[in-house]
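**Student:** Next comes the sequence, and after it the predicted model I'd like to discuss.
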Amino acid sequence: MHRALFVSEILVEIFVNLNQLPSSTIGWTQSSLTRKSLASLARTCKTFHELAMDLLWAYMPGLRPLFGCVTRLHPMIYDPKSKYSWSQCVDPLAEHEFHQFLRHSSRVRNMVMSTNTYIHLLAALPIETCVFPGLLSLSWMAQRTNAGDLRFFLSPTLHHCCVSELYSDLHHIGTQCAALEDFTVQGHADTAQLSEVVCSCKGLRRLHCAPLDSTAWMHLSTIPTLLEVKILASRNIRYPLDNLDFATFFNLMTLSLRGIEVAAVLTLIHHFKFPSLKEFEMYARVLPWAEAEQLFRALSRCKASQTLEHINISSGSRIQGHSGDSLTAVRQFLCFKQLRTLRISAHHSIHLDNDLLFEAMTSWPHIRSLSLLDLHNSTITFRGLFTALRLCPNLHDLQVSVDVRNIDIEPEAESFQHTSLRTLVVGSSELENVNVGSCCSDHFLHASCRRPSYVCKWRRPTIVEQRQQASRIP
């Protein structure tokens, strides 16, 4: 064996590259070929054994491989004729079998649990036993979970925890897992119980969960390591925030609020400062015009004008009989000089003409993606569109509504090449009565966008829009 392989640092690099560890720990899997290769290396020599075994056991898709180390259970697990439910009639591990199960559990770093079928086999383990002392990541997606099932997995070293719902075993997860950085609770959870669990966490970097109460929000503002908060409400329930004090999230970079009332979002923005915020995302099931305007105004005043780079605001359904006034989002957001992404889909008219589009592109020199499709009549012309495109050399994706009836440009005389644009989506409610081929023919596209990778699309109106358009025709 080459003497270089006796250098531990070199050996680690070789084995890690063989294992092909991705950057994300949750959801990480090993291929069958990788596992076979690591198993072969572990049997090659003593020099390879420990490192290969550490990598081989680092990721566990459940408890079955560990139970396979127990002499009594091995033939049941690996018998080709054994059924999935073999463990239902099997007695829990006896005391003399504990060391067989725990033989490799200390090597486990990432655990993905899709079922709790085998948990009862650990019933006789002493309650203070730390089954996975080196566990870093836990993804718990088991549909049926009993009280006490998670206690075997809440290691002091746990950094990442993703659970399908809020379980009673997680009540003091912040105390039991002091190193916890990423915490995700999928699905609906009782606000008071969830908030109490979150308040036990002192060193979070990322939190994804259902809506929280005022106490939890105030606690989060005291965590200096917090970088990302994503809130998702799966039910249409009002979540009041009545006892908030003014505070600052000094290092929070991402704030996503999906499904909660606009009033609650406004309350958060009015009470908290986000001096490091780079990304803001919001989805509302219904977004009335008046509340949308309040939201845009609040965002423009939230002291993030020098940092905010990505804004994505959308709503799920149109409001019957809503105000016909246009949204002023574009003008409100001109203060965000670092803006890279702006996407607004709120089922309201977005006032955008040639002059305002020109001003916006001038104000956002770093813009990469802009989506402002207007379902109503647009006043942007092709001349205004191409003038704006010349101002944003970094633009990759553009979706705006254009007045396709007004062809105010000569393709041959005024063509240019945009070096970064990949997707151009032009929407218009007037397209059904316009010969699109005559104004946007291949000749026109080749003269305006010479790179073949560009994709230009014209959104056809929906049935509702077609009816509205037909009703306007005398």
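**Tutor:** Done, it's in. All figures in this text were calculated on a predicted structure; none of them were measured in a lab.
**Student:** For the stretch 151-300 of the chain, which segments count as helices?
**Tutor:** Using DSSP state H, counting those that start in this stretch, the helices of the stretch 151-300 of the chain run over residues 173-176, 191-199, 214-220, 262-271, 289-300.
**Student:** Can you check which of these gets nearest to residue 326?
**Tutor:** helix 289-300 (9.0 Å; CB to CB). Where C-beta positions appear, they are placed from N, C-alpha and C, glycine not excepted.
**Student:** residues contacting the residue nearest to residue 296 when sequence neighbours are not counted?
**Tutor:** Among residues not flanking residue 296 along the chain, residue 332 sits closest, at 4.1 Å (CB to CB, 6 or more residues apart in numbering). By CB atoms under 8 Å, 6 or more residues apart in numbering, residue 332 lies in contact with 296-297, 299-300.
**Student:** Need phi/psi at residue 76.
**Tutor:** With angles defined as degrees, to the nearest 10, residue 76 sits at phi -70, psi -40.
**Student:** I'd like to know how many residues surround the closest residue to residue 359 other than its chain neighbours.
**Tutor:** Residue nearest to residue 359 in three dimensions, not counting chain neighbours: residue 334, with 6.8 Å by CB to CB, 6+ apart. When neighbours are defined as other CB atoms under 10 Å, residue 334 has 16 of them.
**Student:** Is it correct that residue 334 is in contact with residue 358?
**Tutor:** No: between residue 334 and residue 358 there is no contact under CB atoms under 8 Å: 11.6 Å.
**Student:** and the contacts of residue 332 as TSV, adding neighbour count, distance to residue 315 and pLDDT?
**Tutor:** Shown next, in TSV, are these (neighbours: other CB atoms under 10 Å; distance: CB to CB, whole Å; pLDDT from 0 to 100):
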residue	neighbour count	distance to residue 315	pLDDT
296	21	13	93
297	15	17	93
299	24	15	93
300	18	19	91
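**Student:** what's the spacing between residue 91 and residue 120?
**Tutor:** Going from residue 91 to residue 120 by CB to CB, to the nearest Å gives 10 Å.
**Student:** For the two, work out which one has more neighbours and name it.
**Tutor:** residue 120 (15 against 11).
**Student:** so how far is residue 311 from the residue nearest to residue 296?
**Tutor:** Taking CB to CB, one finds residue 332 at 10 Å from residue 311.
**Student:** cool, residue 134 as well?
**Tutor:** Distance from residue 134 to residue 311, by CB to CB: 41 Å.
**Student:** next one: residue 272
**Tutor:** 17 Å.
**Student:** try residue 290
**Tutor:** Distance from residue 290 to residue 311, by CB to CB: 19 Å.
**Student:** Compare those two and say which is more crowded by neighbours.
**Tutor:** Legend: neighbour count by other CB under 10 Å for residue 290 and residue 311, higher for residue 311 (20 against 12).
**Student:** sec struct for that one, please.
**Tutor:** Under DSSP: H, G, I helix; E, B strand; the rest coil, the three-state class of residue 311 is strand.
**Student:** Does it touch residue 340 like I think?
**Tutor:** No: using CB under 8 Å, residue 311 makes no contact with residue 340, being 9.4 Å away.
**Student:** And the pLDDT for residue 27?
**Tutor:** At residue 27, the model reports a pLDDT of 42.
**Student:** where in the stretch 201-350 of the chain is pLDDT low?
**Tutor:** Applying pLDDT under 70 to the stretch 201-350 of the chain flags the ranges 236, 318-325.
**Student:** Quick one: the strands in it, in order.
**Tutor:** 206-209, 228-232, 247-248, 254-258, 272-273, 279-286, 310-317, 341-345 (DSSP state E, counting those that start in this stretch).
**Student:** Direction included, what does the fourth one pair up with?
**Tutor:** Based on DSSP bridges, the pairing partners of strand 254-258 within the sheet are strand 228-232 (parallel), strand 279-286 (parallel).
**Student:** which parts of it are buried?
**Tutor:** 254-257 (16 or more other CB atoms under 10 Å).
**Student:** Compute the inter-axis angle for that strand and strand 310-317.
**Tutor:** 0 degrees (axes from the mean of the first three to the mean of the last three CA atoms, to 10 degrees).
**Student:** orientation of strand 254-258 relative to helix 262-271 in degrees?
**Tutor:** Using the same axes, to 10 degrees: strand 254-258 against helix 262-271 is 160 degrees.
**Student:** Quick one: distance of strand 254-258 to the chain centre.
**Tutor:** Counting by CA atoms, centre = their mean, to the nearest Å, strand 254-258 is centred 9 Å from the centre of its parent chain.
**Student:** who touches it?
**Tutor:** So strand 254-258 is contacted by 227-233, 264-265, 268, 274, 277-283 (CB under 8 Å, 6+ apart).
**Student:** 6 Å - rerun?
**Tutor:** The contact list for strand 254-258, computed with CB atoms under 6 Å, 6 or more residues apart in numbering, reads 228-232, 265, 279-283.
**Student:** try the third one
**Tutor:** Residues from elsewhere that reach strand 247-248, judged by CB under 6 Å, 6+ apart: 221, 272-273.
**Student:** Neighbour count for these - can I get that in a markdown table?
**Tutor:** A markdown table is the format used below for the contacts of strand 247-248 (neighbours: other CB atoms under 10 Å):
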| residue | neighbour count |
| --- | --- |
| 221 | 20 |
| 272 | 22 |
| 273 | 17 |
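**Student:** Throw those residues into TSV and include distance to residue 399, thanks.
**Tutor:** Formatted as TSV, the contacts of strand 247-248 follow (distance: CB to CB, whole Å):
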residue	distance to residue 399
221	35
272	31
273	32
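**Student:** So which of the residues you listed is the closest to residue 148?
**Tutor:** Nearest member of those to residue 148, counting by CB to CB, is residue 221, at 33.5 Å.
**Student:** In contact with the closest one, which residues?
**Tutor:** 247, 249.
**Student:** now residue 364
**Tutor:** Residue 364 neighbours (CB under 6 Å, 6+ apart): residue 339.
**Student:** Next: residue 422.
**Tutor:** So residue 422 contacts residue 396 (CB under 6 Å, 6+ apart).
**Student:** Drop anything exposed from the contacts of strand 254-258.
**Tutor:** 228-229, 231-232, 265, 279-283.
**Student:** Redo the residues you listed as JSON lines? Include distance to residue 404.
**Tutor:** Putting these into JSON lines (distance: CB to CB, whole Å) gives the following:
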{"residue": "228", "distance to residue 404": "41"}
{"residue": "229", "distance to residue 404": "42"}
{"residue": "231", "distance to residue 404": "40"}
{"residue": "232", "distance to residue 404": "38"}
{"residue": "265", "distance to residue 404": "36"}
{"residue": "279", "distance to residue 404": "33"}
{"residue": "280", "distance to residue 404": "32"}
{"residue": "281", "distance to residue 404": "31"}
{"residue": "282", "distance to residue 404": "31"}
{"residue": "283", "distance to residue 404": "30"}
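**Student:** Do you have the strands of the stretch 351-474 of the chain handy? List them.
**Tutor:** Using DSSP E, counting those that start in this stretch, the strands of the stretch 351-474 of the chain run over residues 369-372, 397-401, 423-427, 455-459.
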